[in-house]
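1. How does the following fold in three dimensions:
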Amino acid sequence: MTLIVQLKELINKPGNMKEVVLEHTVSEAIGTEVMGIPAGSTLSIPVRLESVHEGILASAEFTASASGICSRCLDEISEDIDVEIQELFMYRPEQEDDFVVEQDRIDLEQALIDSVVPALPLKPLCSEDCAGLCARCGIRIDEDPSHSHEDPIDPRFSALEGFGEG
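-> Below is the predicted model:
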């Protein structure tokens, strides 16, 4: 997955700006094992590129459809997430992990990944009032709200089971 943008008209011209819309098909899923943007999804990313003295400032705001599983009942879910990218691509990087302008272009791939993951919900839910699964038998509690189990006998008293029966 690469999101390369050519910048010839912006290099070393502080104050200049251009806007582009990148249409990108995700080749590998982006996110966590619980929730993410699935492979094959198409993203439309409007990017604003501004030339500054240190490099190129790339900004984008877009909505993407993420899918995953409910953290309570394990049903499949899908929801829209708002993603915001704002990264400075430096002409001369100061640290090893700085984004860099290389050969009059930038690659927004890592900036996209770094922005999507924090936008995902930590504990996605199919609904706010999802009751989840029964800890004993695994039945979905929303399907049978009156579901219950008899309290188990404390193993310390198991020797008394049947005491007093005829």
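
2. any idea how far Gly40 is from Pro124?
-> From Gly40 over to Pro124 the distance is 20 Å, taken as C-beta to C-beta, to the nearest Å. C-beta: built from backbone N, CA, C; applies to glycine.

3. who's more crowded, these two?
-> Neighbour count, other C-beta atoms under 10 Å: between Gly40 and Pro124, Pro124 has more, with 20 against 10.

4. Pretty sure that one sits against Leu74.
-> No. Pro124 is beyond contact range of Leu74, at 10.8 Å (criterion: C-beta atoms under 8 Å).

5. tally of neighbours for Gly55?
-> Counted with other C-beta under 10 Å, Gly55 comes out at 25.

6. which residues does the nearest residue to Val20 once chain neighbours are set aside contact?
-> For Val20, ignoring the flanking residues on the chain, the nearest one in space by C-beta to C-beta, 6 or more residues apart in numbering is Val47 at 5.3 Å. Contacts for Val47 were tallied using C-beta atoms under 8 Å, 6 or more residues apart in numbering; they are Val5, Glu19, Val20, Val21, Leu22, Ala58, Ser59, Ala60, Ile85, Leu108.

7. for Asp98, same thing?
-> Counted by C-beta under 8 Å, 6+ apart, Asp98 has contacts Met90.

8. Just read off the phi/psi values of it.
-> phi -70, psi 140 (degrees, to the nearest 10).

9. Looking at strand pairing, list the partners for Ser67.
-> Gly36, Ser78 (DSSP bridges).

10. Touching, it and Asp75? I think so.
-> No. If you go by C-beta under 8 Å, Ser67 and Asp75 don't touch, sitting 11.4 Å apart.
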